[in-house]
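Chemist: Pasting a predicted model and its sequence here:
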Amino acid sequence: MKSNLQNLSFDFIHYSKYMLSVSIVLILISLYCLIFKGIDMSIDFQGGTIINLSVDRDGLNLSQLRKSLSSDLQQSVGVVEVKSQKSTTELILTMEYLENEETLHASLKNIYSDQYNIIKIESIGPKIGNELKGNARNAIIASLIIIGIYIGIRFDGSYALGSILALIHDIIITLGIFIILKIEISIAVVAAFLTIVGYSLNDTIVIYDRIRENFLKNPHREKNKVINESLVQTLNRTIVTSITTLLVVIVLYIYGGEVLRPFSLALIIGVILGTYSSLFVASPAMLYLEKKYNVEIEET
C-alpha cells in the first residue's frame, strides 16, 4: 500500500479548485442554518433540568403525560421516549430550571402512583449556563489564536492563515450538520470540536513540514508540483491515521450510548472533514496566499 501511494500521481492543487465549490456550498448552508435556525443549546449552556426516569409501560400516554406535567409544573415540558423494555419504558423529561423537585414527585405520583423510578436528575441554573457558554466560546477562539501564533512562528504567516482557514472550515460545517440534524450542543460536543481542531491541526502540520522540507530541497521548482508531491508523500500516513481513528470513533458511536453519541458523531464528522481540509483547503490556501503576496520560501 505504501509503495502504491508513493507512486501515485494526483494533482491536489488542480482539483482543490473544484473542491472549493463544494466547501463554499457547505459553508453557506451551515451559515444559513446558523443565522436563521440557530443552535440548539443543551441545558449545559442555557440552564434547565433533565430528568431520566422509567415508568410502567402499560397505559403510557406521552401526550397526556406531557400535558399533565406542564400543567402541574406551570411550564413547558419535553417528553421523549428513550427505550422500552418488557414492563417499563425509559423517558427523558426536559424543562426549565426546576427549583422544587417535590412538585415533580407529586405530579408523577398522581399519574403513576408508585409505578415510576427517577434514574437521574441533572439541573443547571441559568447563570451557570451563561458562564459555561462564554467559557466554551472563549476556549474555541483562544485555541484558534494560539494555533495561529504557533504556526506563524514555526512556519510563516501564509501557513498560519491556511491552517486557520481549514480549522474554521471544519468547525462551521460540523456545526451546520448538527443544526440540520437538530442535535443539541453540549459541553461534550464542544470538547469534540476542540478535539477536531487538534486532530486537523496535527494532520496539517505533518503536511506543512513535508512541504517546507521539499521547498528547501528544491527552491526553484514550481510550487504547485512541490506541494502535490508533498501531499502524495504524506498520503499514506494521512489515510492510515484517519481510518484507524474512524474505526475507534464509530465503535464509540455504536456502543457508547445516548450520552456519548453526539460527542462521537462530532468526531466522526471532524475526522472526515479534517482529512479533507488538510488535503484540499489548508495547503491550497497557503499556496494562494504565498502567490498573492509574493511570499518567498525561506532558504535556511
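Modeler: Received, thanks. Numbering: from 1, shown residues only.

Chemist: what about the strands in the stretch 101-250 of the chain?
Modeler: Remark: strands assigned in the stretch 101-250 of the chain by DSSP state E, counting those that start in this stretch are 116-124.

Chemist: which stretches of it have low pLDDT?
Modeler: Within the stretch 101-250 of the chain, the stretches with pLDDT under 70 are 126.

Chemist: For it, which segments are assigned as helices?
Modeler: Applying DSSP state H, counting those that start in this stretch to the stretch 101-250 of the chain gives helices spanning 101-112, 126-154, 157-180, 187-217, 223-255.

Chemist: Of the ones you listed, flag the one that's most buried.
Modeler: Per-stretch averages of neighbours, counted by mean count of other Cβ atoms under 10 Å, single out helix 157-180 among the helices of the stretch 101-250 of the chain, with a mean of 22. C-beta here means a position set from N, CA and C on the backbone, and glycine is covered the same way.

Chemist: what's that one packed up against?
Modeler: Packing partners of helix 157-180 (3 or more Cβ pairs under 8 Å, 6 or more residues apart in numbering; DSSP states H and E): helix 12-32, helix 126-154, helix 187-217, helix 257-277, helix 283-292.

Chemist: Among those, which comes closest to L231?
Modeler: Nearest of the helices and strands packed on helix 157-180 to L231, taken as Cβ to Cβ: helix 12-32 at 4.8 Å.

Chemist: What's the mean pLDDT across the helix or strand following the closest one?
Modeler: Note on helix 12-32: by DSSP states H and E, the next helix or strand toward the C-terminus is helix 43-46. For helix 43-46, mean pLDDT is 75.

Chemist: Using CSV, list the CA coordinates for helix 43-46.
Modeler: What follows is helix 43-46, C-alpha atoms only, in CSV (Å, rounded to 0.1, in the frame of the first residue of the first chain):
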residue,chain,number,x,y,z
ILE,A,43,-29.1,22.7,29.4
ASP,A,44,-25.3,23.0,29.9
PHE,A,45,-25.5,26.4,28.2
GLN,A,46,-29.0,27.7,28.7
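
Chemist: Show me what that helix packs onto, helices and strands only.
Modeler: Here helix 43-46 is seen to pack against strand 116-124, helix 126-154 when contacts are counted using 3+ Cβ pairs under 8 Å, 6+ apart.
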